[in-house]
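>>> Return a 3D structure for these sequence lines:
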Amino acid sequence: MEHGDAVPIAELLEERRYLLDVARWMLGSGSEAESAVDETYQRWYELAEAARELITTPRSWLAKVVGGICLSRLALPGRADDAGRTAGAAAGPRTAGHPVSTPEEEASRVLLDALDSLSPAERAAFVLNDVFGMAPDTVADIVGRTEPEVAELADRARHCLRAQRSRPTTPQEHDALARAVRQACLTEDADLLASLLCPDATAFFDGGGKVRALVRPVHGGEQVAHSLLTLLARRPHTTLTTHSVNGRTGLVARYGHQVAAVISLDIADHHITQIWVVLNPDKLRSWNQPPPPNPAWPDHTNADRNRVTASTGGRDFPATVPQ
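Residues are numbered from 1 along each chain as shown. All right, here's what the predicted structure looks like:
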């Protein structure tokens with residue numbers, strides 16, 4: 001970004017779009033996001049040339065700064081009342097007579113509105129970690145907490161978001177829907193799978209930087225169905241089974257004998273509202289190790305294997321998003 005280092009215009013525009021996306025998710029307002037990004041670039045150019053030359057990855061520096069600016073604005077007294085009125089602006093463009101362009105934009109709007117119920121620190125931890133997949137130390141620097149504290153903040157945010165969208169279902173109902181999802185995936189029936197999802201369903205895929213995965217949630221029933229079928233497409237040596245995940249029926253995908261993905265489902269009104277997919281091999285390590293024999297458990301089940309952690313700090317999955 002120095003005058004002596006020409007940067008392709010496409011790269012510059014992509015960088016600004018990325019910063020705007022971060023700011024929109026953080027603030028819930030398109031106009032506030034523009035203002036925050038403008039302030040971020042202003043801070044960049046206020047740096048002395050020698051200071052800028054020390055920054056090896058300008059985009060990472062800019063993302064960290066815009067995150068801090070947004071967090072400061074979220075904490076301003078009285079902002080919560082205004083944020084709720086403007087949050088919808090971030091979900092997508094509107095046209096006269098068509099307030100929402102696509103189901104995906106509506107799903108994004110629903111999630112943005114739900115984020116308004118979180119504290120500024122919880123929202124920042126969730127957005128930066130789960131939506132954008134930033135490194136834990138970077139998120140900790142932005143939020144001003146330790147990495148374990150940020151992990152706890154993000155975990156509280158997930159539980160809050162799940163509670164808003166979930167409704168009590170019987171174990172039998174949950175099991176039946178999970179098995180229907182498995183059948184739809186095995187037969188690659190996109191229509192059946194989409195019919196099992198809410199129109200505004202959201203999927204989070206957690207690759208943890210160890211496998212390729214989307215860095216943002218997938219919104220909309222049809223889009224979620226497509227992403228899940230792409231991820232679970234039938235291949236030689238792959239299997240998909242139902243299994244207890246965090247105390248409820250979920251899905252486990254294996255390649256050979258190795259667990260490659262663990263999937264949990266949130267359900268409301270007989271449809272799936274959210275899908276949480278763990279792909280990070282570090283977080284699946286316990287699933288790929290045989291439990292130690294225990295005479296107290298004749299069937300050798302191990303309750304701890306049925307819990308998936310979303311990252312450092314021992315958080316329970318749900319967390320995050322195939323690329």
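>>> quick one, helices of the protein?
For the chain, applying DSSP state H gives helices covering 9-27, 30-46, 49-53, 58-74, 79-86, 103-115, 120-126, 136-143, 147-165, 171-186, 190-195, 221-231.
>>> taking the mean pLDDT, what do you get for the fourth one?
By that I understand helix 58-74. Helix 58-74 comes out with an average pLDDT of 93.
>>> same for it, what does it pack against?
In terms of contacts (3 or more CB pairs under 8 Å, 6 or more residues apart in numbering; DSSP states H and E), helix 58-74 is packed against helix 9-27, helix 30-46, helix 120-126, helix 136-143. In this view, the C-beta of every residue, glycine as well, is placed from N, C-alpha and C.
>>> Let me know which of the ones you listed is tucked in deepest.
helix 120-126 (a mean of 24; mean count of other CB atoms under 10 Å).
>>> name the helices or strands packed onto it?
Other helices and strands packing on helix 120-126, by 3+ CB pairs under 8 Å, 6+ apart, are helix 58-74, helix 136-143, helix 147-165.
>>> Same list (the ones you listed) but as JSON lines, adding distance to residue 282.
Formatted as JSON lines, the helices and strands packed on helix 120-126 follow (distance: least, CB to CB, whole Å):
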{"stretch": "helix 58-74", "distance to residue 282": "22"}
{"stretch": "helix 136-143", "distance to residue 282": "12"}
{"stretch": "helix 147-165", "distance to residue 282": "14"}
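>>> okay but residue 174 is in contact with residue 266, surely?
No. If you go by CB atoms under 8 Å, residue 174 and residue 266 don't touch, sitting 9.7 Å apart.
>>> Looking at those two now, which is surrounded by more residues?
residue 266 (22 against 19; other CB atoms under 10 Å).
>>> Can you get me a residue count around the nearest residue in space to the more buried one that is not next to it in sequence?
Among residues not flanking residue 266 along the chain, residue 274 sits closest, at 4.0 Å (CB to CB, 6 or more residues apart in numbering). Using other CB under 10 Å, residue 274 is surrounded by 24 other residues.
>>> Could you report the separation of residue 274 from residue 140?
26 Å (CB to CB, to the nearest Å).
>>> rewinding a little: go through the helices and strands packed on helix 58-74 and name the closest to residue 161.
Among the helices and strands packed on helix 58-74, helix 120-126 comes nearest to residue 161, with 7.6 Å by CB to CB.
>>> Return the distance of the closest one from the chain's centre.
In terms of CA atoms, centre = their mean, to the nearest Å, the centre of helix 120-126 is set 13 Å apart from its chain centre.
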